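Next input, structure requested:
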Amino acid sequence: MRIKTNKITTVLVLLTGVVGGLLIGCGSGGGSDKESAAATPETPTTPETPTTTETPQTQTNAFEQQFIVTAANPNLCIGVAADNSSVILADCQNTNANQLWSYDEAKQWLKNVSLDKCVENVDNSLILNTCEEKANQQWTFEDNIFAQGGYSFDVNMSEMSLIVYATHGGVNQQWFVPSIATADIDENYVSHFPLSRADNNAYSMEQTMDIINRRTPIDQPLPFPRDVSAFPGNVDESAPRISKSVTFNRYFYEDTSSDTMNRQHWISTGTYAAAGEIIEIEVLSEQEVEQLYAIINVHTDVLSQNSGNVVATDKIKRFPSVSTKVRLHKGSNKLRSQYGGQVVIASAHSEDAEITVNINNVVETAHFKLGRDSYNEWPAMLEKSAAWGVLEGEHVFLDMSKEELAKVTDPEQLLTTFDQTVELIRDLAGFEQEASGVHKMPTLKERFVSDVQITAGFAHAGFPIMTSPGWKLYSLDTAQNNGWGNWHETGHNYQQFCLWSSPFGTESTVNLYSLYVQDKLNKGSRIQRENRYSLAINKLNDNFSFSTDADVWDKLVFLMQIKHSLPDIGWDMFRQLNRRFREMSPEQQAPICQSDQASFSTTFELLSDITGYDLTAHFKKWGVDVSEASYQKVADMALPQPPVDISAVNPQ
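A predicted model of the protein is given here:
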């Protein structure tokens, strides 16, 4: 399953969360008998909102000099663009005066404290202007929503940007003001997990305490210390606090095709911040650095009451949001996490430049790096590990708890196996190590993170790839012999979604990667073992519709039949298809993403050209919605007919 979140329409109490990644694939291990390419806990299409015994109160409040935090992500606040002209969504910075706001309830002004200007709506864009009593500067603030004439402040979840959108009251239109929420804190409340999904009061308290802690100045104690003994884990007071220097290059390259997954440049430091303790990161640079961040805790999924796995279990099993992201500046940066976690440096800016950071008052944790560390060093490394650590290969990171790391029998072989998987998937995606153009190999690594509860599925793709208990990241046997889930989730990160992967089935086309890895590792074919070809062929009839009648496996069979029918080109047809789409300009890609028919038609034309055969009969037999213009275009190419009836091919 792949979810692309844009507008969320479910109204929640006070605060909820969204998953950190925007693209999610829910995966299963190999060998599942379920009729899904990725076994996923069943999620209602429209989850019921948890009940509450309290009657919601309409809340209208003035406030002064406050941060305004989006309920969609506790690390993001309403701020001001660099030119001081527009209102934006930005990384919350407790020392940034431009992120302090006051709301005049009488005049309905939302005023930036630093600039002494009001938020004004100009053609659904938010700007700052001299405060005047005019309609487009008047905002009601009720039930945590800033609204004006049927439109509200809204977070575009695809881009994590601030926009104005028709009022619907969903989580991405909910805004948290610490001074208002503080008044609702129950002094007698004590955190206790798991929480019942229906316990609105407990969820509200957790989110309120979380954000108040985040916005508390670093020189003040946390108002609500968190008990992290169960998750993510305590750091022993006797564990030595250390300083460590880390040097890295900021350069990276990512695929620029429309609607593809992007990895992030995360540098593991082998250090761990204790919950609630202040750490210091010194950035050594002659010039001011841009888009450089520290992340404490790699568990980036934010659990809401309507997250798929919360709905499925009726429980929230850990603190809803435990990852902290802070922008770094040249010189000394002091930060803390109320939960603690591994310290990661993230660079969103690509530049061939070396950066050195000194990290102080942290605990050393396991960080096994392939090529740097040896198997013989692994036992000693485990002994000094904090609650969570990481294995780093050439193409992957594997983040696991100390208990899971202890189950890793051979870190070198485990990482080599994961690296090989990534190399195979990148090969089928059409990237080349030595290429300099659009097929240049992405340089960033995949990151798998084990968690006690994730938002949806047994695992989901994105960055990081998040996995649930039972995924067995530590298992070499699983990685080598039963790694369908790993291949599946990695494959999601290389799909060309709107160009062709989604119209032909997001959960179908992703498994081209899984089957390719199986083939190259000589593990056989899952869909042959499960008799998927026969099942699909038996469904075909004169009225068959690819879009409505084919299930997730049938669509995979449709594509694989072409591969089996034309062994001279075989897997390379998919490699070349990815490359053809990638070679298109953004202007050429855009109309293909506008409709399924546009994608079907273009893909039909490309595959016919790539294979050198007219594939009309196969596409028509399967009821693929190809335009008559495209059929005519291929007919005009005067290509030969395939040597066999592709739709009848059954390699079983």
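
Buried residues in stretch 448-468, which are they?
Neighbour-count burial for stretch 448-468 flags 448-451, 453-468 (criterion: 16 or more other C-beta atoms under 10 Å). Backbone N, C-alpha and C define where each C-beta goes, glycine included.

Would you report the backbone torsion angles of the closest residue to Pro411 other than its chain neighbours?
Nearest non-adjacent residue to Pro411, counting by C-beta to C-beta, 6 or more residues apart in numbering: Phe368, 4.8 Å away. Main-chain dihedrals, Phe368, degrees, to the nearest 10: phi -90, psi 120.

One more: Asp572?
The phi and psi values for Asp572, taken as degrees, to the nearest 10, are phi -60, psi -20.

number of nearby residues for it?
Neighbourhood size, Asp572 [other C-beta atoms under 10 Å]: 16.

For the longest strand seen in the chain, what does the pLDDT average out to?
When the chain is parsed with DSSP state E, its longest strand is strand 354-364. Strand 354-364 shows a mean pLDDT of 98.

Likewise for stretch 503-511?
98.

what are the pairing partners of the helix or strand hosting Val119, and which direction each?
If you go by DSSP states H and E, Val119 is part of strand 117-122. Partners of strand 117-122 in the sheet, by DSSP bridges, are strand 109-112 (antiparallel), strand 125-129 (antiparallel).

can you list the residues that contact the shortest one?
Yep, that's strand 109-112 we're talking about. Applying C-beta atoms under 8 Å, 6 or more residues apart in numbering, the external contacts of strand 109-112 come out as 80, 87, 98, 100-104, 117-119, 128, 131, 137-139, 141, 146.

buried ones in that strand?
Residues of strand 109-112 classed as buried: 109-112 (neighbour count, 16+ other C-beta under 10 Å).

what about it, distance to the chain center?
Averaging C-alpha positions (C-alpha atoms, centre = their mean, to the nearest Å) puts strand 109-112 33 Å from its chain's average.

Low-confidence regions, this structure specifically.
Residue ranges of the chain with pLDDT under 70: 1-60.

longest helix in it, by residue count?
Longest helix in the chain, counting residues (DSSP state H): helix 411-428.

Summarise which helices and strands the helix or strand that it is followed by is packed against.
The helix or strand immediately downstream of helix 411-428 is strand 446-450, counting by DSSP H and E. On a contact count with 3 or more C-beta pairs under 8 Å, 6 or more residues apart in numbering; DSSP states H and E, strand 446-450 meets strand 396-401, helix 411-428, strand 465-467, helix 484-492.

what about 7 Å?
On a contact count with 3 or more C-beta pairs under 7 Å, 6 or more residues apart in numbering; DSSP states H and E, strand 446-450 meets strand 396-401, strand 465-467.

Can you give the strand pairings for that strand, parallel or anti for each?
Assessed with DSSP bridges, strand 446-450 is paired to strand 396-401 (parallel), strand 465-467 (parallel).

will you turn these into TSV that also has distance to Val649?
Below are the strands paired with strand 446-450 laid out as TSV (distance: least, C-beta to C-beta, whole Å):
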stretch	distance to Val649
strand 396-401	35
strand 465-467	33
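
Arg532: which of the ones you listed is closest?
strand 465-467 (25.2 Å; C-beta to C-beta).

and that closest one, how far out from the chain's middle?
9 Å.

ok, residues contacting the helix or strand following it?
Where DSSP H and E defines the elements, the next helix or strand beyond strand 465-467 is helix 476-481. Contacts of helix 476-481 with the rest of the structure, by C-beta atoms under 7 Å, 6 or more residues apart in numbering, involve 409-410, 413-414, 417-418, 472, 486.

Ala386: which of these is nearest?
Leu414 (20.2 Å).

check contacts around the closest one.
Here Leu414 is in contact with 391, 408, 476, 479 (criterion: C-beta under 7 Å, 6+ apart).

residue farthest from the centroid of the chain?
Ala638 (44.6 Å; C-alpha atoms, centre = their mean).

Who does Ser243 form a beta bridge with?
Asn360.

State the number of residues packed around it.
13.

what do you get for Phe153?
Here the number of neighbours of Phe153 (other C-beta under 10 Å) works out to 28.

quick one: which of the strands paired with strand 117-122 is nearest Ser627?
Nearest to Ser627, of these and by C-beta to C-beta, is strand 125-129 at 37.1 Å.

Just the buried residues of the closest one, please?
126-128.

can you list the residues you listed in TSV and add distance to His265?
Shown next, in TSV, are the buried residues of strand 125-129 (distance: C-beta to C-beta, whole Å):
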residue	distance to His265
Leu126	30
Ile127	32
Leu128	32
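
Nearest to Ser243 among those?
Once C-beta to C-beta is applied, the member of the buried residues of strand 125-129 that ends up nearest Ser243 is Leu128, at 41.7 Å.

OK, contacts around the closest one?
Contacts for Leu128 (C-beta under 7 Å, 6+ apart) come out as 80, 84-87, 112, 115, 117, 119.

switch to 8 Å and redo it
By C-beta under 8 Å, 6+ apart, the residues touching Leu128 are 80, 84-87, 112, 115, 117-120.

Drop anything exposed from these.
Burial by neighbour count, judged by 16+ other C-beta under 10 Å, picks out 80, 86-87, 112, 117-120 from these.

Summarise which helices and strands the longest strand of the chain is packed against.
Packing contacts for strand 354-364, counted by 3+ C-beta pairs under 8 Å, 6+ apart, involve strand 242-249, strand 265-273, strand 278-284, strand 341-347.

Among the ones you listed, which comes closest to Ala230?
Ala230 lies closest, by C-beta to C-beta, to one member of the helices and strands packed on strand 354-364: strand 341-347, at 14.2 Å.

With distance to Glu290 added, can I get the strands paired with strand 117-122 in JSON lines?
Output for the strands paired with strand 117-122, formatted as JSON lines (distance: least, C-beta to C-beta, whole Å):
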{"stretch": "strand 109-112", "distance to Glu290": "23"}
{"stretch": "strand 125-129", "distance to Glu290": "23"}
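
Compare those and give me the one nearest Phe431.
Among the strands paired with strand 117-122, strand 125-129 comes nearest to Phe431, with 37.9 Å by C-beta to C-beta.

starting at the chain centroid, how far to that closest one?
30 Å.

for stretch 617-634, same thing?
Chain-centre distance of stretch 617-634: 35 Å, with C-alpha atoms, centre = their mean.

Could I get the buried residue list for that stretch?
Buried residues in stretch 617-634, counting neighbours by 16+ other C-beta under 10 Å, are found at 618-619, 621-627, 630-631, 634.
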